[in-house]
Structures are given as C-alpha cells and as structure tokens.
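> sequence below, structure please.
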Amino acid sequence: MRLLTQRRIFSFPRIALALLVTGLFVRSEFGTAETFRPLELRDGLGRMVKIAQSPQRIASVSLASDEVLVELLSRSGQLNRLVAVSKLSDDARWSNISGRVPQTTARVVGEAESIVITKPDLVILAGFNRPEVLATLERAKIPTFVVGPFNSLADIVTAIATLGDIVGLPVEAGKLRVELLTTLERARGMIPQNVRSKPARGPTLVSWSGDGTVMGQDTTFDSIVRGVGGVNAVARAGLRGWPKLDPERLARLRPDFVVVPVAHAGDEPSRQAVVTQIKAAPGWKAMSAVQKDRFIFVPEAQLLALSHHVAPAVQTIADALAAGRTRQSSEAQAAKDSAAAKATAAKKSAEKKARADAAKSPGHMDPPRREGP
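Okay, the predicted model is just below:
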C-alpha cells in the first residue's frame, strides 16, 4: 500500500524544477489511468485515509473538488463516476464548470442527508465544509476525504495531484498540473529582473470588495500577486486571511492597482457600473489608483478559483502589470522629453532676452559718426 502525503511541493521561484518533477511523476511513478493500487493519504484535516479500491460513485461537496474532478473524469471519459457535485457548480458567477455537469448528476448543498441519498462510495469535502456534515457521513460509514487547505497556488497544485491519485487518474492529473505550472512560469517570466532580485520593488495590488473585505497573507490572491512580481498591499500591512477594513485603513493601503472581480471579462457595462461604485466608496475613492483608473478586471470565477481554472487570472494580472510597466515607461520618457523640451525652450528664451537686453545697453550702441575735418 502506497503512503502519500500532501505537502507544499511548489513555489514560484522553483517552477522549472516543479515542472521537471511533475514530468517525471507522469512518466515513471504511475501506471496507466486504468490501473489503481490501494493507497493511504493524509487529508486536509491531518487524517490518514485508506482507499482500498477505485471509487466509482464519487460525491464532491465543494466547488474546488468539483472543478478538478470534472476535468479529470471528463478527459478520461469517466464523468459518470461523479454522482454528485456542489450546487455552486451551476452558478456561472462562481463556477468555471457551469453547464459541463449533466443534469442527471445530483446537486448537493452541503447537507449530509442530500449526500447520503446519492449512495456514494467516497465523498470529497473541503476544509471549509461544516464539521457536522463530516461527522454524520462518518457515522453512516461512508468513506470521506477532505482536500486542502487552499492558502496558495502550491496548495492547488498539490490538491490536483491528490485527487488524481484518489480517482486512479494520476496521469491526467500530472498533465493538468503541467498545464497550470506552464502558465505560472510564463507569468513569472514577465517579471523585470530588478523586481525578481528585490520583490519589494514590485507594484502593490489590492482586491476590491463592496464591504471592505480584502485578501491578505495565506490566500491564493496573495500567492498570485507574489507570483507575478507584485506586492499584496494587505499582506504588506501584516494582515492575514480575509480581514474587513474600515475606510481609513483601506485608504492607507495606497495600492498601485486595484484588482476588480467581474462577472464576465468583456462586459463593459458591468465594468463601468463597478468603477462608479468604487469611486464613490469610502476609503477606496481616496486611493490614487482609483482616481487614476488603474483597475485590473478579472472574471470572479477565475480569480477565486481553487483549481487549475485560476491560471487565466494569473495571466490576466501578469499582462496588466506588464502593460502598466510599458505605460509607466512611456509616461516617464514623455515626461523626460517634455522636461528637455521645456529646458531647451527656456534656454532659447533666455538667450533671446539676453540679446535684446544687450541691444538696449548704451555700451553696445554704434559709435557716433565723425564729421569731416
């Protein structure tokens, strides 16, 4: 029986190594998608969970596991093994798999009764599911596994690998990890060298929310921002998790950019509506970034994804920062050119004035004409 433990095997500065390790895992450790060996895994609660046989009736109770399992099982043509997903999977605002799960698959809302009725042989939960649900399932002798925690992009990479092991599809999981890591490496490659050597020089970002709740250290947002060469203004202030700040503390964050979650990337009316809201919001409206319209719009389902679907959000933010650096460089050059032009104009004006003043000076008048002898 294999013993696998969840660990943080990924960090942005070592993505290339992680890609190599992932490739080795795909080619050497695991067999084909059809093989399954009994395994023992440590889950997000620290429990050692034994999985003796490949689960054929899987119930997923969190959107995080919904999105990964739908991808893995769809790629292998085994989506029928998923007998239940969370109700959030149908909500396009939060879900990246809306419309991909057959209506014959049950939707559950985290209540133990709705899960039990699907007769699962394995239930996948997340650490943020209610403890009493887990307790009820255990009393019913239904095998459970808790994925997570999800405090960073590394945790997402680990969760994909773990879920791949659980459902007997490690090869598909390995490929999915490579796809995610490739995007992250591409984004990292866009970071200027001076920021790589001294990350504190990077631009500062903060995520917008209408009630003042922001994302600090130990969040995937913080991991995204650091990964693209930015500085999370909330983490810089020493705040963890999802603190709710009053207007005065919000204004003191002074970010260079505000990341704005939106329903759809190309929905201009929605963008304008939220910009109007931000510019009227106490605390936010005092920020220079807001006054200068330095917004980065990201689909909410991608920005908050705890799955491989976070990759487009990473790329969007990386692209925006790159564009910002280009704009800043252009503005700096324009300012430099303008200052030089003004200096040249001032010099010419001073020279012209000096000539005019010299012409009026008695010492520079033409000598008087002499009459004849």
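> so what pLDDT did Thr326 get?
Here the pLDDT value assigned to Thr326 is 51.
> for Ser28, same thing?
Confidence score, pLDDT, at Ser28: 36.
> export only the CA atoms of stretch 248-259, formatted as CSV.
Only the C-alpha atoms of stretch 248-259 are listed here, as CSV (Å, rounded to 0.1, in the frame of the first residue of the first chain):
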residue,chain,number,x,y,z
GLU,A,248,-9.4,54.8,7.0
ARG,A,249,-7.4,51.6,6.9
LEU,A,250,-8.4,51.0,3.3
ALA,A,251,-7.1,54.4,2.2
ARG,A,252,-3.8,53.8,4.0
LEU,A,253,-3.1,50.7,1.8
ARG,A,254,-2.2,53.0,-1.1
PRO,A,255,-2.1,50.4,-3.9
ASP,A,256,-0.7,50.9,-7.4
PHE,A,257,-3.5,48.8,-8.8
VAL,A,258,-7.0,47.6,-7.7
VAL,A,259,-7.9,44.1,-8.9
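> pick out the residue nearest the middle of this protein.
Centroid-nearest residue in the chain, with Cα atoms, centre = their mean: Ile224, separated by 4.1 Å.
> any idea how far it is from Ile296?
Distance, Ile224 to Ile296, by Cβ to Cβ, to the nearest Å: 11 Å. Backbone N, C-alpha and C define where each C-beta goes, glycine included.
> shared neighbours of those two, anything?
Shared contacts of Ile224 and Ile296 (Cβ atoms under 8 Å, 6 or more residues apart in numbering): Ile317.
> tell me the pLDDT at the closest residue to Ser114 other than its chain neighbours?
Spatially, and ignoring its direct neighbours in sequence, Ser114 is nearest to Val108 (4.5 Å; Cβ to Cβ, 6 or more residues apart in numbering). Looking at Val108, its pLDDT reads 95.
> what do you get for Val147?
96.
> give the contact list for the closest residue to it other than its chain neighbours.
With Cβ to Cβ, 6+ apart as the criterion, Val147 has its nearest non-adjacent residue at 5.0 Å, and that residue is Ala159. Listed by Cβ under 8 Å, 6+ apart, the contact set of Ala159 reads 6, 64-65, 68, 147-148, 150, 306-307.
> switch the cut-off to 7 Å
64, 68, 147-148 (Cβ atoms under 7 Å, 6 or more residues apart in numbering).
> just Arg93 next, same as before
Listed by Cβ under 7 Å, 6+ apart, the contact partners of Arg93 are 263, 300-301.
> okay, and which of those map to helices?
Of the contacts of Arg93, the ones assigned to helices by DSSP state H are 300-301.
> which one of the contacts of Arg93 has the most neighbours?
Ala301 (25 neighbours; other Cβ atoms under 10 Å).
> about what we covered before: quick check: phi and psi at the residue nearest to Ser114.
phi -120, psi 150 (degrees, to the nearest 10).
> right, and it touches Leu63 too?
No - Val108 is beyond contact range of Leu63, at 11.6 Å (criterion: Cβ atoms under 7 Å).
> helix/strand/coil for Ala84?
Per DSSP: H, G, I helix; E, B strand; the rest coil, the local secondary structure of Ala84 is strand.
> how about the nearest residue to Ile142, chain neighbours excluded?
In space, Ile142 is closest to Val123, 5.8 Å off (Cβ to Cβ, 6+ apart).
> can you tell me the strand partners of the helix or strand where Phe297 lies and which way each runs?
Using DSSP states H and E, Phe297 sits in strand 295-299. Strand 295-299 sits in its sheet next to strand 257-262 (parallel), going by DSSP bridges.
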